[in-house]
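Student: below are the sequence and a predicted model for it; my questions follow.
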Amino acid sequence: MRVKAIILDITGTTAVLSENVGVVYLRAAKAAGLSPKSLPSSDVIFSSFRSAFKAQWKRYPCYGAGKTIPEARWWKETARSALTTALGSTLSEENLYSFQEYVYDYYGKSQAYTVYSDVMDLLKFAKDRGLLVGVLTNSSQRTIDMLPMLGIAPFVDVAASCQVIGYAKPDSKAFEHSISQLQSLKPDLRKEEIMHIGDHPLEDFQGARSAGLQALLLDRSVVTTNDQALRGGGSVSNLWQAVQVLSLKDDR
């Protein structure tokens with residue numbers, strides 16, 4: 001079936017963090033005045049961050065959507081928990097404040113993210129073919145706010161984060177929100193004419209299909225030949241192959 005609109009995931013699909021979180025947190029801890037000798041490795045800090053993130057998500061899903069906790073506090077509490085757990089000791093409020101501010105400020109800058117080299121070709125193709133372009137992410141609203149700095153915003157018609165929606169992929173309600181956004185621009189658009197492209201097998205691929213959308217799974221870790229991508233298996237290894245898949249559907 002012909003595709004008239006696409007929805008893109010962000011992290012792992014459109015952009016990636018420029019540095020490992022553990023490396024950033026370690027640098028932030030040093031900048032906050034902590035002695036390098038007292039600090040664990042970036043790997044230990046990253047492991048602590050993953051645990052802190054999961055705990056905070058369980059406490060306040062979707063970055064506090066619908067709760068009284070602001071997004072900035074959500075992230076700063078996560079950063080504080082990650083560092084104190086990694087160190088196994090209590091830090092002064094001055095050190096913690098400086099650390100939290102460094103981390104939060106860093107992830108508000110474009111240098112914290114790297115846009116994949118194949119993204120612009122896909123976006124330009126979509127615009128040339130008259131396809132609507134949406135963005136749907138399980139990242140916080142702050143990531144959506146970064147789109148102008150990353151040079152992506154001019155190509156995006158609608159965008160939504162789970163923080164605003166209140167539901168995260170693979171929940172169908174998250175996809176329904178994006179579908180409604182796109183249909184507000186093109187009322188006769190059917191969800192079967194929308195393709196979601198993302199890198200997570202459950203959240204993106206299965207979630208989109210369960211919601212009635214077409215889907216492409218982007219797996220940058222494997223090499224998929226162009227022939228394999230075009231056979232309709234639903235998987236590509238880069239967004240240039242996604243362009244070929246969309247071209248094939250457009251020609252049918």
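Tutor: Noted; the coordinates are in hand. Numbers count the residues shown, from 1 in each chain.
Student: ok, Ile194 - contacts?
Tutor: 3-7, 134, 179, 182, 213-214 (CB atoms under 8 Å, 6 or more residues apart in numbering). For glycine as for every other residue, the C-beta is placed from the backbone atoms N, C-alpha and C.
Student: do that again at 6 Å, thanks
Tutor: Shown here is Ile194, whose contacts under the criterion CB atoms under 6 Å, 6 or more residues apart in numbering are 5, 213.
Student: can you check the one 10 residues further on too?
Tutor: Asp204 makes contacts with 9, 198, as judged by CB under 6 Å, 6+ apart.
Student: how's the chain carved up into domains?
Tutor: Taking automatic domain parsing as the reference, the chain has its domains at 5-16+115-251, 18-111.
Student: make TSV out of those and add mean pLDDT.
Tutor: Output for the domains of the chain, formatted as TSV (pLDDT from 0 to 100):
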stretch	mean pLDDT
domain 5-16+115-251	94
domain 18-111	93
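Student: which of those domains has the highest mean neighbour count?
Tutor: Among the domains of the chain, domain 5-16+115-251 has the highest mean neighbour count (mean count of other CB atoms under 10 Å), at a mean of 18.
Student: what secondary structure does Leu91 sit in?
Tutor: On the three-state scheme (DSSP: H, G, I helix; E, B strand; the rest coil), Leu91 is labelled coil.
Student: and what about the residue nearest to it when sequence neighbours are not counted, helix, strand or coil?
Tutor: Of all residues beyond its chain neighbours, the one nearest Leu91 is Thr84 (6.2 Å), with distances taken as CB to CB, 6 or more residues apart in numbering. State at Thr84, reduced to three classes by three-state DSSP: helix.
Student: same question, Arg27
Tutor: Under three-state DSSP, the three-state class of Arg27 is helix.
Student: in contact with it, which residues?
Tutor: With CB under 6 Å, 6+ apart as the criterion, no residue contacts Arg27.
Student: cool, Gly207 as well?
Tutor: So Gly207 contacts 169-170 (CB under 6 Å, 6+ apart).
Student: pretty sure it sits in a strand.
Tutor: No: when classified by three-state DSSP, Gly207 is found to be helix rather than part of a strand.
Student: do you know how far it is from Leu136?
Tutor: Gly207 sits 10 Å away from Leu136 when distances are taken as CB to CB, to the nearest Å.
Student: same check, this time on Val3
Tutor: Look at Val3 and Leu136: by CB to CB, they are 16 Å apart.
Student: what's the answer for Leu8, then?
Tutor: 7 Å.
Student: report the beta-bridge partners for the residue lying closest to Ile10 once chain neighbours are set aside.
Tutor: With CB to CB, 6+ apart as the measure, Thr137 is the residue that lies nearest to Ile10, at 4.2 Å, once sequence neighbours are left out. On the basis of DSSP bridges, Thr137 is bridged to Ser161.
Student: residue contacts, Thr137?
Tutor: Contact analysis of Thr137 by CB under 6 Å, 6+ apart lists 10, 143, 161.
Student: please consider this matter closed, and thank you.
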